[in-house]
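Novice: structure for the following, please:
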Amino acid sequence: MTEAVTSTERSLDALYRDHHGWLESWLRRRMGNAWDAADLSQDTFLRVLSSSQKIADMREPRAYLLTVGKRLLSNFYARRSLEHAYLEALAQMPEDSVPSPEQRWLLLETLHALDELLDGLQAQVRRAFLLSQLDGLGYRDIAERLEVSERTVKRYMAQAYEHCLLVDW
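Specialist: Alright, predicted model coming up:
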């Protein structure tokens, strides 16, 4: 084991020991659920470990952990909202059209991946992209729906495609 790895492990151990309880308590107060708070707390430390930020160089570890935790909390609620909307849509489907549990899981995972992929796009750009890709609308129809020019739709689509190509999975 190299000296750098040992130093990183010691730094992570100290960061976890010193701040894990505080972060989990903060998340529990926000979420009202100890289980989800524990999961998000662990996810926060995993993100810190996999980030390029050197743990030993952190001047304000709680601020950094809070920033990462807030992002994960936001993603958690967005995912929950997406799941809720999906389940509501399923409830309105005729019983013979409802997908199997396996198909539902795959669809939900695909929705989450798509939502994550499009995260960061402006609302209008995202909407134009979804109208094109999911509804199969042409640029002229999208322009009418969004009340923008066809040239603007082309610009939106270029932004969306560029974003999709450059996103770091």
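Novice: residue boundaries of the helices in the protein?
Specialist: 3-31, 34-50, 61-91, 101-118, 123-133, 139-146, 150-166 (DSSP state H).
Novice: can you add mean neighbour count and mean pLDDT and give these back as a markdown table?
Specialist: (Each C-beta comes from the backbone N, C-alpha and C, glycine too.) Formatted as a markdown table, these follow (neighbours: other Cβ atoms under 10 Å; pLDDT from 0 to 100):
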| stretch | mean neighbour count | mean pLDDT |
| --- | --- | --- |
| helix 3-31 | 14 | 83 |
| helix 34-50 | 16 | 91 |
| helix 61-91 | 14 | 87 |
| helix 101-118 | 13 | 84 |
| helix 123-133 | 18 | 91 |
| helix 139-146 | 16 | 96 |
| helix 150-166 | 15 | 92 |
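Novice: who touches Leu108 in this structure?
Specialist: Counting by Cβ atoms under 8 Å, 6 or more residues apart in numbering, Leu108 touches Leu82, Glu83, Tyr86.
Novice: surely the last one and Thr110 touch.
Specialist: Put plainly, it is Tyr86. No. Judged on Cβ atoms under 8 Å, Tyr86 makes no contact with Thr110 at a distance of 10.4 Å.
Novice: how about a markdown table for the contacts of Leu108, with distance to Ser74 added?
Specialist: Listed next are these as a markdown table, based on distance: Cβ to Cβ, whole Å:
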| residue | distance to Ser74 |
| --- | --- |
| Leu82 | 13 |
| Glu83 | 15 |
| Tyr86 | 19 |
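Novice: so which of those would you say is closest to Leu66?
Specialist: Leu82 (24.3 Å; Cβ to Cβ).
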